[in-house]
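S.K.: Need the 3D shape of this:
(one chain, ligands or ions: 1)
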Amino acid sequence: MCYQLDKCHKSMHNARMSHSQYNTSVPSTTNTVYFTRSYAKINVTLDILGKRPDGYHELATIMQTIDLYDTICFSSTSENQVQLICNRQELNTADNLVVRAAEAIRKKLHLTRGVSIELQKRVPVAAGLGGGSSNAAAVLVALQRWWQLPLSQEDLWSMAADLGSDVPFFLTGGLALCEGRGERITPLPAYWPGEMRWLLLVKPTISVSTATVFRNLTAQDYTNGVWSRTVQAMLRAQGPLQTEQFFNGLERGVLAQYEEVAQARQAILAAGATNVRLSGSGPTLFSVFSTLELATKVQQQLIAQGMETYLTRPTTASGNEMHYF
Ligand code: C5P
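M.R.: So this is what the prediction gives:
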């Protein structure tokens, strides 16, 4: 069952959430309350190799978690059910991945224990940043730790893959090559070039359906995985990376189909960015910058045009500091 915030819940919720913001990488717990963060991602590369017999597409994609996150608070309840309270009313539904992840654990282990989950969304929804998938993975990992459950890594991975193609990546996060449907993960050592240290995200106001974007692919969008393989090799060798090596096989179709995304792309370049790429199935676009000064200058211009922007940076899976080379 889902319910909305009344006045009392709202102030309790706000108090808990502000507490969580001062807790950094380590999930925190009291006797009855457990907090965690759920980080977003960008796709540095996204090769689509072809269509599979099961209707999904075979991918090779390099994903990197970023310092933009939702906060999730778990508390005990005497009721044998999963309750969700989200600051975005439209996400308070039983098919929210947060609820489905908690229910998957309860079903797998035949638990009668209930939980109330407060979800403070900051990551834009249906934006190509993996927000929902990240929430699902965060719930699996948090309940496993908080309830000290006897789930193996294999159990977690299998539940994650059932919840969505991107969910397994968020179990480990950081920097990784993801293959298959997206669920086969090869973690890469934490490395990010210093001259790409600032990420400016621009989220056009439209929402994009991932299924529609994949359905509209044509043969010209398929590659043999060369972009992801090349960037993987560069990252492993901690070598120089060029923004021209960022690639997204879904981008051509999205730019052709969604005028707002094409316009936002033009606006970003006109504001002074020298590079711009789609993240996932979009509509969010990202540009990398070597200095805060330049990133801020571009951001201010886009804000003045009424655009939704986020200035962020790559981070490790747990939000720890990274070394930038
Ligand atoms: O797995 P997930 O539910 O996140 O995928 C959403 C939709 O995106 C799928 O229903 C499918 O249409 C498409 N998709 C795909 N190939 C992938 C991943 C997703 O065709 N590897």
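
S.K.: Stretch 187-202 spans what distance, first to last residue?
M.R.: 27 Å (CA to CA, to the nearest Å).

S.K.: actually stretch 270-283, not the one I wrote
M.R.: End residues of stretch 270-283 are separated by 18 Å (CA to CA).

S.K.: Give me the buried positions along it.
M.R.: Buried residues in stretch 270-283, counted by 16 or more other CB atoms under 10 Å: 271, 273, 276-283. In short, each C-beta sits where N, CA and C put it, glycine included.

S.K.: Now for residue 53, how many residues are close by?
M.R.: Residue 53 sits with 5 neighbouring residues when counted by other CB atoms under 10 Å.

S.K.: before we move on, what SS does it have?
M.R.: coil (DSSP: H, G, I helix; E, B strand; the rest coil).

S.K.: just to revisit the earlier point, for the buried residues of stretch 270-283, work out which two are farthest apart.
M.R.: For those, the maximum inter-member distance is 23.9 Å, found between 271 and 281 (CB to CB).

S.K.: Look up how far residue 253 lies from the nearest residue to residue 103 once chain neighbours are set aside.
M.R.: Taking CB to CB, 6 or more residues apart in numbering, and ignoring the residues beside it in sequence, residue 103 has residue 82 as its nearest neighbour in space, at 5.7 Å. Distance, residue 82 to residue 253, using CB to CB, to the nearest Å: 36 Å.

S.K.: same check, this time on residue 115
M.R.: Noted for residue 115: a distance of 40 Å to residue 253, by CB to CB.

S.K.: quick one, which of these two is more surrounded?
M.R.: Between residue 115 and residue 253, residue 115 has the larger neighbour count (other CB under 10 Å), namely 24 against 21.

S.K.: Residues in contact with whichever strand or helix holds that one: which ones?
M.R.: If you go by DSSP states H and E, residue 115 is part of strand 114-120. Strand 114-120 is contacted from outside by 13, 16-17, 20, 70-87, 91, 96, 98-99, 102, 135, 139, 143, using CB atoms under 8 Å, 6 or more residues apart in numbering.

S.K.: so of those, which ones are in strands?
M.R.: When those are checked against strands (DSSP state E), the matches are 70-77, 82-86.

S.K.: Nearest to the ligand among those?
M.R.: residue 70 (17.1 Å; CB to the nearest ligand atom).

S.K.: quick one: pLDDT of the closest residue to residue 301 other than its chain neighbours?
M.R.: Closest residue to residue 301 apart from its sequence neighbours, by CB to CB, 6+ apart: residue 271 at 4.1 Å. Listed pLDDT for residue 271 reads 98.
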